[in-house]
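Engineer: What shape does this take:
(4 chains)
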Number of protein chains: 2
Amino acid sequence: MLPNPYDYIPSSALRPISGAVGDTVFHQGDPTHGLYVVQTGRVHLERVGPDGERFIIHRAQAGTSFAEASVFSEVYHCDAVIVEAGALIRIDKASVLAAFADPAFARAYGRQAAQQIQAQRQMLEIVGIRRAEDRVMAGLIAGLLEGSIVEFAARLQLSHEATYRALRKLVQDGRVMNPSRGIYHLHP
Amino acid sequence: MLPNPYDYIPSSALRPISGAVGDTVFHQGDPTHGLYVVQTGRVHLERVGPDGERFIIHRAQAGTSFAEASVFSEVYHCDAVIVEAGALIRIDKASVLAAFADPAFARAYGRQAAQQIQAQRQMLEIVGIRRAEDRVMAGLIAGLLEGSIVEFAARLQLSHEATYRALRKLVQDGRVMNPSRGIYHLHP
DNA sequence: ATCGTAATATGATTTCAATCATATGTTGCC
DNA sequence: GGCAACATATGATTGAAATCATATTACGAT
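Structural biologist: A predicted model of the protein is given here:
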């Protein structure tokens, strides 16, 4: 694995946070303390609409961070709600800002951010493809099929049924290989 | 406007690039020279599938940069094709890497990257909403309606017809105001 | 003024993915 | 071995958005 930028942050700046399902880690408008790393569990970032409806901005999975932009902001712009209990770590915003003076941290951060932006752009292009068959093909080219077809379908924002059908069609048309049940890949 | 990180790069590292429609700025597999800023025109980043079909990874508009991750990579991972003639500037990868030693650049880069990641995450959540009405409402809450409805619809990955219909429905249900033709906004 | 172009708007039809239903294969567990 | 849970797979039905068609309105250019 590539260097994690947060390895360059002194451990004194890391605050373990615990919470139960439904707890709000921070509220929209709260002054920012820092960003968060999800070790286990899941957290939703939500914005509240004018009629009180909650709109999910982001679903943070275990192993990912969230609220990175809060480091550069005075207040949080959304609520963070725990939807699956687990362990979070908060990283002090002052420590992150200070760490940018360390070129090693800065480059590690830059690398990670640039790659994430690239990956997200690609995902936006992929989910923008209408036809299930084309979307699945694009997903295969992008290497998104690691693990089960169900996971792959979820990444593509397609039902798994539509994904199976598209895969079958691609195999019939000779564009995809299906050497055995559940295994699909492009021709070499 | 917030500080543009590339303002911290010495102008000696900026190379103007020109090209005609259809020209390829770089090819997949080429050694990386650096990242690019689109001043005018449009560039598509494309990956070639096994059957030769070209899959668009990203559409770079005027005023945006692309291939940022190439700074941390040895080779380009896609083709960059000019789809609308204009002016590009290439920023030397060595200069960008060197600039990370400047905390002011590093923080400006970090801020911009964090905000872009946040915005892209939000877009991924929004385009993942199936019902046109809900998607349009989410787009309004996110403040995506600046400019024409046609642009708004394109951002939401919806046909403009579906967008107009959803807006009408939201107005009928009293969730959105339509003070005059072409003007839609949330209640204050 | 009027011509052309683009945005706004809405109705009619078609398409295609979601959903529902169902069956089989696979895996881990007691 | 038998059972539960889940992945794989496919058929049938439904629903919602894309597409096609058509006006109207707005706006700039000539």
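
Engineer: got a list of what the residue lying closest to A:Gln116 once chain neighbours are set aside touches?
Structural biologist: For A:Gln116, ignoring the flanking residues on the chain, the nearest one in space by C-beta to C-beta, 6 or more residues apart in numbering or on different chains is B:Ile117 at 5.7 Å. In short, each C-beta sits where N, CA and C put it, glycine included. When contacts are counted by C-beta atoms under 8 Å, 6 or more residues apart in numbering or on different chains, B:Ile117 touches A:68-69, A:113, A:116-117, A:120.

Engineer: Buried residues, the helix or strand containing B:Ile117. List them.
Structural biologist: Per DSSP states H and E, B:Ile117 falls inside helix B:103-127. Buried residues in helix B:103-127, defined by neighbour count with 16 or more other C-beta atoms under 10 Å in any protein chain shown: B:103, B:105-114, B:116-118, B:120-127.

Engineer: quick one: it near DNA strand D?
Structural biologist: No: using C-beta under 7 Å from any atom of the strand, helix B:103-127 stays clear of DNA strand D, coming no nearer than 10.1 Å.

Engineer: and what of stretch A:139-153?
Structural biologist: Yes: looking at stretch A:139-153 against DNA strand D by C-beta under 7 Å from any atom of the strand, the contacts come from A:148-150.

Engineer: Need these in TSV (columns: pLDDT).
Structural biologist: Below are those laid out as TSV (pLDDT from 0 to 100):
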residue	pLDDT
A:Ser148	93
A:Ile149	96
A:Val150	95
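
Engineer: out of those, which are buried?
Structural biologist: A:Ile149.

Engineer: could the residues of stretch A:139-153 next to DNA strand D go into TSV alongside distance to chain B and secondary structure?
Structural biologist: Shown next, in TSV, are these (distance: C-beta to the nearest C-beta, whole Å; DSSP: H, G, I helix; E, B strand; the rest coil):
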residue	distance to chain B	secondary structure
A:Ser148	19	coil
A:Ile149	19	helix
A:Val150	16	helix
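
Engineer: closest to A:Pro50 among the residues of stretch A:139-153 next to DNA strand D?
Structural biologist: Checking the residues of stretch A:139-153 next to DNA strand D against A:Pro50 by C-beta to C-beta gives A:Val150 as the nearest, at 35.8 Å.

Engineer: what residues are up against the residue lying closest to the closest one once chain neighbours are set aside?
Structural biologist: Spatial nearest neighbour of A:Val150, excluding adjacent residues (C-beta to C-beta, 6+ apart): A:His160 at 5.0 Å. Contacts for A:His160 were tallied using C-beta under 8 Å, 6+ apart; they are A:149-150, A:153-154.

Engineer: try A:Val81
Structural biologist: Contacts of A:Val81 (C-beta under 8 Å, 6+ apart): A:22-25, A:43-46.

Engineer: now, the most widely separated pair of these?
Structural biologist: Farthest pair in the contacts of A:Val81 (C-beta to C-beta) is A:Gly22 and A:Leu45. Separation: 14.8 Å.

Engineer: Tell me if A:Gly143 really is in a strand.
Structural biologist: No: looking at A:Gly143 with DSSP: H, G, I helix; E, B strand; the rest coil, it is coil, so not inside a strand.
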